[in-house]
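Trainee: model the following, please.
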Amino acid sequence: MEQLKDTKKISPEGCREIDYRRLTVMQHQNSKTRLSAALTLLEMVIAMAIMAIIFAVIVQQFRVIQNSWDSQAGAAETLQNGRVLMDHLYRNLSKAVRITAVSGSAETNGYIEFQDNDVNNVRYDVNSTTNYVQFGTVGDLSDLAGPVSQLQFTCYDANDLDTPITDVNSIRFVKVETTLTNSAAMGQDKTFIASAYLRANGNTPLELTKKTLFEFDSIMGKTPALSKIDNSHYLCAYSGNVDVGWATVLTVDTGTWAITNETPFEFDTTKGTTPALSKINDTHYLCAYAGDDDHGWATVLTVNIGTWTITNETPFEFDAVSGKTPALSMIDNTHYLCAYAGDGDDGWATVLTVNTGTWTITNETPFEFDASNGETPALSKIDNTHYLCAYAGYGDDGWATVLTVDTGTWAITNETPFEFDIRLGLNPALSQMSSTNYLCTYQGYKDTGWSVILKVDTGSWTISTEDTYEFEENYATISALAQLDQTHYLCAHMGAFSHGWAIVLASTPSLDTISKQGAGLEFDPDTGLAPTLVEIDDSHYLCAYQGPWEDGWAVVLETYRLRP
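Mentor: Reported below is the predicted structural model:
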């Protein structure tokens, strides 16, 4: 009871105050509830519309960025392809020996065929399936760069750069225009233009000079043969001491043009006379020669391009009766045509097959292409199945025939031999001038130097002559030929008093007549027997020969033009 008495009493006014405060709190809570109410449908639609507009703008920007990136990547790829293509075109066309075929200047998917330094017929054109520019030997092209929508060749002669021509005998300047397509959807195609001036032209005569002579074998170096390894190294096979087979690598310093050589290698310890060489690849070379008892032998010489040492595989006897003075011409990477003086010094030929896995050699049945005589033959490739063969035939006269190789059976046949000189035709050498014309130098009447243009009809495979010219009226024997350009040829030979001589033979643009330029160069005033030639570059040629006392010598011959 006492506690009740002490409890504070609430007056009616207090109750009203409490109720008022409770009402105020409830009103405040109701106000907060109204402020946090959900969006209306209209508000949501507006918000989504705004977001869609923003995303549309952003996606478009992303698409622009992506297209720009693709376009730049495509442009970079197109630019790189164009640079590679233009460099390839310029490098090869500027060194072309001759143009053999070309499309008209209005043809946008054009082509051009020309002969390179190795007498290969090569071609540029457009692959109709991939639209890529193709390059390679005729009949064996591969894609080079592209795709392109244009490959256009415009050719001119030396004196008129305004009027396009297609006469392959007069072409001296080639302009190439190509358009490479950009792979990007929004990318722009790019057009490239290149031009090349063929080394074949010149208004002043070609002159000759020589560099320092080098003795590569001081004991003996008879009847050498040369094959190019690279721009500074050359394989030389020859008949060395006591007529056994030797080989060495000759090194040419392209700054001073001085020659050195590596240690000679004896590839046949019995006999190895009149060797012939044909390159298989950068490290392997087929060598055919007259071996023991003058039988026909062949071996593969291997060059270590790090040490420049030479080794060889077991020699193979391709003719057990006779195989003198062989000549080689490559058919493909594993097959080689070999012509030689066989039984009775008659004309014989066989196909040598090289196994590029074991480097062993086999051969097909030899074929007798001339039953009267066939000494010192020379070969020049016409196409993959036909080969021109010049030789000293019946009566030691000058003869020639076309040898045909069946690339299925590797059997050889020939057309009727043609007598191009009825008086004398010893030790011929051949150089291709065009698809039908071939320059032949030889030891002719009264042992003087003669040349003839042999013309091959590629329909009937018959042979005729265009022109005969005496280039040395005193004495000339065992010549070698190298093509300088479309109308000029370097000829090395042993001249009067057995001295070594070199001259420039020039043909007309129509390739139907031949003449000599200048007085020639005496490159060895002692002896220059059985020379052989190989190109170093456009104006330098390596010449190996049998020098004084039958030892081995070499020299670099240089061509140049006097300033007008």
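
Trainee: so what's G425 up against?
Mentor: G425 sits next to 390, 392-393, 396-399, 442-444, 450 when contact means C-beta atoms under 8 Å, 6 or more residues apart in numbering. All C-beta spots, glycine's among them, are computed from the backbone N, C-alpha and C.

Trainee: should've said N120
Mentor: T137.

Trainee: tell me the domain ranges of this protein?
Mentor: Using automatic domain parsing, the domain parsing of the chain gives 67-197, 206-561.

Trainee: just say which of those domains is most tucked in.
Mentor: domain 206-561 (a mean of 20; mean count of other C-beta atoms under 10 Å).

Trainee: low-confidence ranges, the stretch 251-400 of the chain, go.
Mentor: For the stretch 251-400 of the chain, no stretch has pLDDT under 70.

Trainee: mind listing the helices for it?
Mentor: Taking DSSP state H, counting those that start in this stretch as the test, none of the stretch 251-400 of the chain falls into helices.

Trainee: now the chain
Mentor: Applying DSSP state H to the chain gives helices spanning 2-6, 12-35, 41-93.

Trainee: out of those helices, which gets the lowest mean score?
Mentor: The minimum mean pLDDT among the helices of the chain belongs to helix 2-6 (a mean of 43).

Trainee: returning to that earlier point: let's have the domains of the chain in JSON lines, adding distance to V57.
Mentor: Shown next, in JSON lines, are these (distance: least, C-beta to C-beta, whole Å):
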{"stretch": "domain 67-197", "distance to V57": "16"}
{"stretch": "domain 206-561", "distance to V57": "61"}
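
Trainee: indicate which one of these is closest to M44.
Mentor: For the domains of the chain, the distance to M44 is smallest for domain 67-197, at 34.3 Å, taking C-beta to C-beta.

Trainee: now the closest one, how far from the chain's geometric center?
Mentor: Centre-to-centre, domain 67-197 and its host chain are 16 Å apart (C-alpha atoms, centre = their mean, to the nearest Å).

Trainee: in strands, which of the contacts of G425 appear?
Mentor: Members of the contacts of G425 lying in strands (criterion: DSSP state E): 390, 392, 398-399, 442-443, 450.

Trainee: out of the residues you listed, which is nearest to D551?
Mentor: Using C-beta to C-beta, Q443 comes nearest to D551 of the ones in strands among the contacts of G425, at 23.1 Å.

Trainee: hang on, that closest one packs against E472?
Mentor: No: Q443 is beyond contact range of E472, at 9.7 Å (criterion: C-beta atoms under 8 Å).

Trainee: okay, and the common contacts of the two?
Mentor: In contact with both Q443 and E472: G449, using C-beta under 8 Å, 6+ apart.

Trainee: quick revisit: now the contacts of G425 in TSV, with distance to A429?
Mentor: Formatted as TSV, the contacts of G425 follow (distance: C-beta to C-beta, whole Å):
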residue	distance to A429
A390	8
A392	12
G393	16
D396	16
D397	17
G398	12
W399	14
Y442	7
Q443	10
G444	13
W450	11
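
Trainee: show me which pair in those residues is furthest apart.
Mentor: G393 and W450 (15.3 Å).
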